[in-house]
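1. Requesting a structural model of the entry that follows:
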Amino acid sequence: MTIPRRAVLGALAAGPLVAPTLAAAHVSDRDAWLDAAFAEHGPPAMAAAVVGSRGLDWSGVRGVRMLGESEPATLQDRWHLGSNTKAMTAALYARLVDQGRMKRDATLADLFPGADIHADLEGVTADDLMNHRSGLLDRELITREVLVAGHADQRPLRGQRATFAASTLARAPGGARGSFAYSNAGYILAGAAIERALDQAWEDALTAEVFEPLGLSAAGFGAPEGDQPRGHHTALGGVTMSVDPARGDNPAFMRPAGGAHMSVADYARWLQVWLNGGEGLLSPESFRHMTTPPSGEGRPYAHGWIINPSDPLANGTLTLAHEGSNTLWHAIAIVAPDHGRGVFALANEFSKGAPADQTLAVRLLRDR
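-> Sure, this is the predicted structure:
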């Protein structure tokens, strides 16, 4: 299963969590909207939250961890975030720039010194990789054969990513640099470049530089294992089945493009960074850079976010939005810094979870 190249809301372009007191009717409204979205679309489970600049304002969860079982999903459970991981990889890179350990304007030759790089890729930069403007096309690079081989590969992940990077860099890109084309391959290369610079696995670097500084104690990688929700697959006949975590994700070498999981509280803390100008993680310069899309035609995408400078859902102010899925889970997040609100919704199934999450997230953002 590949991570879908989903358009993120096509119409949309530090400190501990604090729980402010809300009017009872306000909380009741949000709970009712969660009930309605869950009842209408029927994923096995879903969770959602509203985040303010000081922390978590509201959260709720409905459903069961696994169809056929009675164990309810909880707010402490871990939820797969799919491609919403991309902003974490980009933030890791930006944080390393702030520390002087990576270059903001690095080319592929800078990132992979000594590598055999095709002439058509020589000018591609780290920003091109993370803005989906590198010319790298998933349909050519992340084929069924690559996925099958990736699932079977038992080598350390750094070696797997280095192999993917070497084969990708040596061939002509299928697209043109500067033209928007959603590319998981670009983020795998960004992860491999970080690993090469730090002599450290992407998972370890992200944990040390993002998860730990923000206190994200329930954050991890791959499909959640153990006493946690399961991802679910709905077949063409409409039958929904749970999937064992061992088979419930893309190959692990792809994680920089979409392989993190978190609890509701941890994901709320992550979104606080984007409500507060990068506070607790990024310099003001890096925050501005990460939230400014490149000029030119194509989707206004930058560093893991679709960027809408005047979103009617947020009273005409800026929003950052993204959706993620590995086809067994779904996540959506929308952050409106000037509106003072971030929202997200999560589900442990895609075909029913995506419309449930989308409907609820939009309603929560509009609420005032």
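2. what about the helices in the stretch 251-368 of the chain?
-> Along the stretch 251-368 of the chain, the segments classed as helices by DSSP state H, counting those that start in this stretch run 255-258, 264-275, 284-290, 353-366.
3. what's the spacing between the first one and its chain's center?
-> Okay, so that is helix 255-258. Helix 255-258 sits 8 Å away from the centroid of its parent chain (Cα atoms, centre = their mean, to the nearest Å).
4. again, but for the longest one
-> Offset of helix 353-366 from its chain centre (Cα atoms, centre = their mean): 17 Å.
5. If you count contacts, what does it end up packed against?
-> Using 3 or more Cβ pairs under 8 Å, 6 or more residues apart in numbering; DSSP states H and E, the elements in contact with helix 353-366 are helix 24-41, strand 45-52, strand 317-324, strand 330-336, strand 341-347. For glycine as for every other residue, the C-beta is placed from the backbone atoms N, C-alpha and C.
6. can you redo these as a markdown table with distance to Pro284, mean pLDDT and mean neighbour count?
-> Output for the helices and strands packed on helix 353-366, formatted as a markdown table (distance: least, Cβ to Cβ, whole Å; pLDDT from 0 to 100; neighbours: other Cβ atoms under 10 Å):
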| stretch | distance to Pro284 | mean pLDDT | mean neighbour count |
| --- | --- | --- | --- |
| helix 24-41 | 32 | 88 | 15 |
| strand 45-52 | 21 | 98 | 25 |
| strand 317-324 | 15 | 97 | 23 |
| strand 330-336 | 17 | 98 | 28 |
| strand 341-347 | 19 | 97 | 30 |
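7. List the contacts of the nearest residue to Arg78 once chain neighbours are set aside.
-> Distances taken as Cβ to Cβ, 6 or more residues apart in numbering put Pro224 closest to Arg78, at 4.1 Å, once the chain neighbours are dropped. Shown in contact with Pro224 (Cβ atoms under 8 Å, 6 or more residues apart in numbering): 77-80, 245, 261.
8. Of these, which belong to helices?
-> Judged by DSSP state H, the contacts of Pro224 include no members of helices.
9. Just give me the closest of the residues you listed to Glu297.
-> Closest to Glu297 out of those is His80 (32.6 Å), distances taken as Cβ to Cβ.
10. For burial, what's the neighbour tally of the closest residue in space to that closest one that isn't next to it in sequence?
-> With sequence-adjacent residues excluded and distances taken as Cβ to Cβ, 6+ apart, His80 is closest to Trp329, at 3.8 Å. As a burial measure, Trp329 scores 29 neighbours (other Cβ atoms under 10 Å).
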